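Asker: Dropping a prediction and its sequence here:
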Amino acid sequence: MTTAQAGSAATAALNTEQRAFNFSAGPGVIPEEVIRIVQQDLWSLFGSGIGALEHSHRGKEFDRVLEEAEADCRRVGNIPDNYRVLFLQGGATTQCYQVPMAFLPEGGTADYFETGKWASDSINQAGLYGKAHIAGSSKATNFDRIPDDADIRYSDNPTYVHFTSNNTIMGTEWHRMPPTPPGDAWFVCDASSDIYSRPIDVTKYGFLYAGGQKNLGPAGTVLVIVRDDVLERQVRKLPWMLDYKLQAAKESRYNTPPTFGIYLMGQVFKWIERQGGLKAIEKYNKEKAQVLYDAIDATPFYTPHARLHDRSLMNITFKTPSDELDKKFSAEAEAEGMFNMGGHRSIGGMRASMYNAFPIAGAQALAQFLKDFAQKNG
Ligand SMILES: *Cc1c(COP(=O)(O)O)cnc(C)c1O
């Protein structure tokens, strides 16, 4: 077989191989339709004879990729004109420090909700630049909930209020906005694991960020949506790459931007629109989650981690009666084509993640498995 023949044989296999149900918490599932388009565009983008990974970031093809990605992102999220859309690098974890570095004055305070590992990481990193006041916490109950309004205490004069809209590891989600912050503080939201999983009112936020690998496609690339007046409030001189205002002025391409990440996110925005937009996506996500929660609630064999009304639509966390059965659950699920359900080491148990692109057939297959496994092992 020549190299070329081996190559096309591999491509044929790639295109026909059965795909598993991937319940991974991140990187998560990418829509199959998008993967097909990407396969084509990697070969040649817009009929240029040059693939999506190979175009200059200053060339007209990439101009179009970037323009469309931003325009589609804006249309999908109904983002007003007084917000900038940035495509940055370093994952959501970079935002943990980049936000306080840019906005938190020395000696200043920002308020944070301690609702899980990622929220705690943000609190830790804010401490490098100022004071992080904990406005609400669910640490005492191992992050099984979102704090109730009655238990929330803002500091007197926070610069901003940060919250994690979906706690990926714990399986809890804010189904409301936190109470209005005092003074002219604005909301900063880590929406990494539920961005564009439901309609969003961007006008309620000053700053939103999301790592790509859960609902938007690629790891590494971060979507930032920031209000113009917030951009003006950077409090210190920042390295070029971390300067939001500079990145906004340079359309996210101060240096060579993550061209493939931007291209792929752009394709995912187009896919969301083809599904009918965020309302349709939300409806589908609710249906999927309900299928699983119903199966979990149907038997005392399973213990859900999250408090009922704080349950996440994206990450569904539960335990079987023992660690041994958890392991058995994972192994047997894998044998049936359902992968990546081991819970994070901080809470153990099981976690089934079902982001936008995850098919309802996977939820139904897992629901049946949940029922059978409980019957056999209960
Ligand atoms: C996955 C995740 C992160 C970390 O993202 P990286 O891209 O790995 O830095 C941060 N916050 C939340 C809510 C997440 O789900």
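Answerer: Sure, I can see it. Numbers count the residues shown, from 1 in each chain.
Asker: So which bits of stretch 317-328 are buried?
Answerer: Residues of stretch 317-328 classed as buried by neighbour count (16 or more other Cβ atoms under 10 Å): 317, 318, 319, 320, 325, 326. No exception for glycine: its C-beta is placed from N, CA and C like everyone else's.
Asker: Can you get me a residue count around the closest residue to the first one other than its chain neighbours?
Answerer: What that stands for is residue 317. Among residues not flanking residue 317 along the chain, residue 171 sits closest, at 3.3 Å (Cβ to Cβ, 6 or more residues apart in numbering). Residues contacting residue 171 under the criterion other Cβ atoms under 10 Å number 30.
Asker: Residue 97 against residue 124, yeah?
Answerer: No. Judged on Cβ atoms under 8 Å, residue 97 makes no contact with residue 124 at a distance of 9.1 Å.
Asker: more crowded one of these two?
Answerer: Set side by side, residue 97 and residue 124 show more neighbours around residue 97, with 19 against 13, by other Cβ under 10 Å.
Asker: tell me the contacts of that one?
Answerer: 125, 126, 128, 129 (Cβ atoms under 8 Å, 6 or more residues apart in numbering).
Asker: how near is the third one to the ligand?
Answerer: From residue 128 across to the ligand, the span is 16 Å (Cβ to the nearest ligand atom, to the nearest Å).
Asker: what secondary structure does the nearest residue to that residue once chain neighbours are set aside sit in?
Answerer: Nearest non-adjacent residue to residue 128, counting by Cβ to Cβ, 6+ apart: residue 97, 6.2 Å away. Secondary structure, DSSP: H, G, I helix; E, B strand; the rest coil: residue 97 is helix.
Asker: Show the pLDDT at residue 97.
Answerer: For residue 97, the pLDDT comes out at 98.
Asker: The one 5 residues further on too?
Answerer: On pLDDT, residue 102 comes in at 98.
Asker: got a list of what it touches?
Answerer: Listed by Cβ under 8 Å, 6+ apart, the contact set of residue 102 reads 234, 235, 236, 238, 242, 243, 244.
Asker: now with 7 Å?
Answerer: 234, 238, 244 (Cβ atoms under 7 Å, 6 or more residues apart in numbering).
Asker: ok, and the most crowded of these?
Answerer: residue 244 (21 neighbours).
Asker: surely that one meets residue 231?
Answerer: Yes. Judged on Cβ atoms under 7 Å, residue 244 makes contact with residue 231 at a distance of 5.8 Å.
Asker: After whichever strand or helix holds residue 94, heading C-terminal, what element do we hit next?
Answerer: In this structure, residue 94 is located in helix 91-103 according to DSSP states H and E. As assigned by DSSP H and E, the chain's next helix or strand after helix 91-103 is strand 109-114.
Asker: That following strand pairs with which strands, parallel or anti?
Answerer: Sheet pairing for strand 109-114, assigned by DSSP bridges, gives strand 131-137 (parallel), strand 160-164 (parallel).
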